[in-house]
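S.K.: 3D model of this:
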Amino acid sequence: IMNRLAPAEGVNPTRLNRVKIYRTSQFQPRQPLCYGQGVIIVGQGTKRVFIGDASYEYNPDNYLVLSVPLPAECETRATPESPLLSLILDLDIPLIKKLVEQIPQSSLGRTPGGAAQGLFLAKATHQIKDATLRLLEVLESPLEASILGPSVYRELMFRVVCGENGAALSALANKNTKVARVEKALNQIHDNYENPMNVDELADMVHMSVSAFHRVFKEVTASSPI
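M.R.: Next up, the predicted model:
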């Protein structure tokens, strides 16, 4: 289904604004890439992401979540006979906040050690795979996409928030968490990257000391704010 919905190389739009399908038919060596906030579910192929000293490989057995926008480097393994195909779900932050309000704390996903993460991998459970398949099926029909698509998208967000490492995503619902504060600073950087800015101003904007901001920023992004 991804193959049918993504006839062109690169990012293909779908009948839902927050849902896209990415296709590439060539091996791509390690190169810089700026990831937006979202969930990436692979249907075929393998991709490796490098952030700081860590690397993450995602494939049909797991999915990638970015709770904040991050610069990274990535490597793609694909051929014309077996292209990489992946579903990209842009984050709906207001929806995530509503879900977190409705879900008991005991049911929210946990992050090992309580660490804040801007990027994480999680196992693609049968619930995630079933919901992904249903979303792809409704995207083939204009009528089903408009009526059923938003509810299946919502189900997938629910599964991710409750899933492995989901705490890093649900943290966006609370503006005082480390992830939410760094997200605010990152959005400021992304929206105003052509203008001068300094770390003191960013730290002040998110109500943190400069030393604490440096520490938390690196904890979430694996990079320094500089």
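
S.K.: residue contacts, the nearest residue to Val152 once chain neighbours are set aside?
M.R.: Counting by CB to CB, 6 or more residues apart in numbering, Leu135 is the residue found nearest to Val152 once chain neighbours are left out, at 4.4 Å. All C-beta atoms are positioned from the backbone trio N, CA, C, and that covers glycine. Neighbouring residues of Leu135 by CB atoms under 8 Å, 6 or more residues apart in numbering: 19, 87, 149, 152-153, 156.

S.K.: likewise Leu85?
M.R.: Contacts of Leu85 by CB under 8 Å, 6+ apart are 2-3, 6, 21-23, 42-45.

S.K.: Next: Cys34.
M.R.: Cys34 makes contact with 69-72 under the criterion CB under 8 Å, 6+ apart.

S.K.: Can you list the low-confidence ranges for the chain?
M.R.: Of all residues in the chain, those with pLDDT under 70 make up the ranges 110-117.

S.K.: and if we set it to 90?
M.R.: Applying pLDDT under 90 to the predicted model, the residue ranges of the chain that meet it are 33-37, 51-56, 66-72, 93-94, 96-97, 100-121, 163-193, 195-197, 206, 213-226.

S.K.: For it, which segments count as helices?
M.R.: According to DSSP state H, the chain carries its helices in the segments 2-5, 93-102, 126-139, 142-147, 149-162, 167-170, 178-191, 199-205, 210-221.

S.K.: Tell me, how many residues neighbour the nearest residue to Phe50 once chain neighbours are set aside?
M.R.: Distance criterion CB to CB, 6+ apart; nearest residue to Phe50, sequence neighbours excluded, is Glu73 at 4.3 Å. Here the count is done by other CB atoms under 10 Å, and Glu73 has 14 residues near it.

S.K.: Mind listing the residues bridging to Glu73?
M.R.: Applying DSSP bridges to Glu73 gives these bridge partners: Pro32, Phe50.

S.K.: my guess is it meets Arg30, correct?
M.R.: Yes. Taking contact to mean CB atoms under 8 Å, the distance of 5.2 Å between Glu73 and Arg30 places them in contact.

S.K.: Quick check: neighbours shared by these two?
M.R.: Shared between the contact lists of Glu73 and Arg30 (criterion: CB under 8 Å, 6+ apart) are residues Phe50.

S.K.: on that earlier part again, from the contacts of Cys34, pick the one nearest Tyr58.
M.R.: When the contacts of Cys34 are compared for distance to Tyr58, the smallest value, 12.2 Å, is given by Ala72; criterion: CB to CB.

S.K.: Isn't the closest one up against Phe50?
M.R.: Yes. Ala72 is in contact with Phe50 according to CB under 8 Å; the separation is 6.2 Å.
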